[in-house]
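Trainee: With the input below, show me the fold.
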Amino acid sequence: MRAATAVTIGVGATAAVLVAGLVQAANEDPVIGKVLSLSVPAKYRGLVEEAGKTCPEVSPNLLAALFTQESGFNPKSESPVGAQGIAQFMPSTWETNGIDGNSDGKRDVWDPEDAIPSAAKYLCEISKEVKGVPGNKQDNMLAAYNAGGPAVIKAGGVPLIEETQNYVQSINALVALADVPSGGKMTATEQVATVINAASDELGTPYSWGGGNASGPSTGSCCSPNGSSGKSIKGFDCSGLTLYAYAKAGITLPRTAAQQYAASEPVKPGQKRPGDLVFYGSSPAGIHHVAIYVGSGYMIEAPRPGTAVRFSPINSMPDLYAVARPVPHTNKEI
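Mentor: Model (predicted):
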């Protein structure tokens, strides 16, 4: 978390900043987030479950998403600006809001048994502080955790601060993942989270035509499909990113967007789920772009030369052809 004034995003690959404008499904459906289904280390699961009962505004899944975003559940995490522990409290905020959660006689920001219930208590308190602010109440609460209640009150909602807006959107995205059902031919929740998190960790990686494989970014041509620019750059093209992200979940995709469509099963628009692939083109043979759907009309993609991996609305291109789900070729669910 930041501080009473500001908190900084946690460090480590699993807590990479998810730059975007994305989902609010967790706010639109009161059932989402009530049962802990995000991946949480076993030693912290009970703490998160219990802390998620602190007040109606806080759920176990919201806390799980917050700690994933803040520190990747690393209790020793420390940000460049001094935010500390699993919940990334700034020292001044901890002094005011830290509690002795395990009743051992001390308040220790590095101890998850203190920091996890402290984060829940602080969220409950700031939700009251920004209760009268217009807009989505969960968004405002998360924004206050990141930038401070006064900033939210002054802005009349989520402040126009890029870090804070990205922070709110990212945690909402993670909470929404908790509602992804398993079974059938859809990836199990943890596989979906792995796919989206793997792609999200590459936000800002340059577009590279022909770049990307199961191991990560690779060298391609920066500027044109035929490489005529002559300059090479390490990064991803659209299908290289999707191939890589799915490979992290143990799922093999072919290399090109058209091949990935051929290896996938189309789903009806109203049945798309986070982790599905979004395809653009005029026909199966004419598919020229693929991205990963993350929820509420947004996708993560490697768009085109001169850009980098980013989140975009799925309607940002005019020739959306299909949404499809990779067909399983192993014993793994997908």
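Trainee: contacting residues around the closest residue to residue 262 other than its chain neighbours?
Mentor: Residue nearest to residue 262 in three dimensions, not counting chain neighbours: residue 284, with 6.7 Å by C-beta to C-beta, 6 or more residues apart in numbering. C-beta coordinates here come from the backbone N, C-alpha and C atoms, glycine included. Counting by C-beta atoms under 8 Å, 6 or more residues apart in numbering, residue 284 makes contact with 258, 261, 262.
Trainee: Quick one, which of the residues you listed are buried?
Mentor: 258, 261 (16 or more other C-beta atoms under 10 Å).
Trainee: on that earlier part again, quick one: which helix or strand includes the residue nearest to residue 262?
Mentor: For residue 284, there is no helix or strand it lies in under DSSP states H and E.
Trainee: So for it, what's the pLDDT?
Mentor: Looking at residue 284, its pLDDT stands at 93.
Trainee: next one: residue 22
Mentor: 31.
Trainee: try the one 5 residues further on
Mentor: At residue 27 the predicted local distance difference test score is 34.
Trainee: Mind putting the contacts of residue 284 into TSV with secondary structure?
Mentor: Listed next are these as TSV, based on DSSP: H, G, I helix; E, B strand; the rest coil:
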residue	secondary structure
258	helix
261	helix
262	helix
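Trainee: Tell me which stretches of the protein form helices.
Mentor: Taking DSSP state H as the criterion, the chain carries its helices at 25-28, 42-51, 60-71, 91-97, 112-129, 137-147, 149-155, 162-177, 189-200, 238-248, 257-262.
Trainee: Give me whichever of the ones you listed is most buried.
Mentor: The highest average neighbour count among those, using mean count of other C-beta atoms under 10 Å, belongs to helix 60-71 at a mean of 28.
Trainee: which strands and helices sit next to that one?
Mentor: Counting contacts by 3 or more C-beta pairs under 8 Å, 6 or more residues apart in numbering; DSSP states H and E, helix 60-71 is packed against helix 42-51, helix 112-129, helix 137-147, helix 162-177.
Trainee: looking at these, which one has the lowest mean pLDDT?
Mentor: Among the helices and strands packed on helix 60-71, helix 162-177 scores lowest, at a mean of 79.
Trainee: Which secondary structure elements does it sit against?
Mentor: Helix 162-177 packs on helix 25-28, helix 60-71, helix 137-147, helix 189-200, strand 289-295, going by 3+ C-beta pairs under 8 Å, 6+ apart.
Trainee: got TSV for these, with distance to residue 128 too?
Mentor: TSV is the format used below for those (distance: least, C-beta to C-beta, whole Å):
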stretch	distance to residue 128
helix 25-28	18
helix 60-71	16
helix 137-147	9
helix 189-200	31
strand 289-295	28
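Trainee: Nearest to residue 174, out of these?
Mentor: Residue 174 lies closest, by C-beta to C-beta, to one member of the helices and strands packed on helix 162-177: helix 60-71, at 3.6 Å.
Trainee: buried set for stretch 261-273?
Mentor: Buried, per 16+ other C-beta under 10 Å, within stretch 261-273: 261, 264, 266, 267, 272, 273.
Trainee: and what of stretch 306-326?
Mentor: In stretch 306-326, counting by 16+ other C-beta under 10 Å, buried: 308-312, 314, 317, 321-326.
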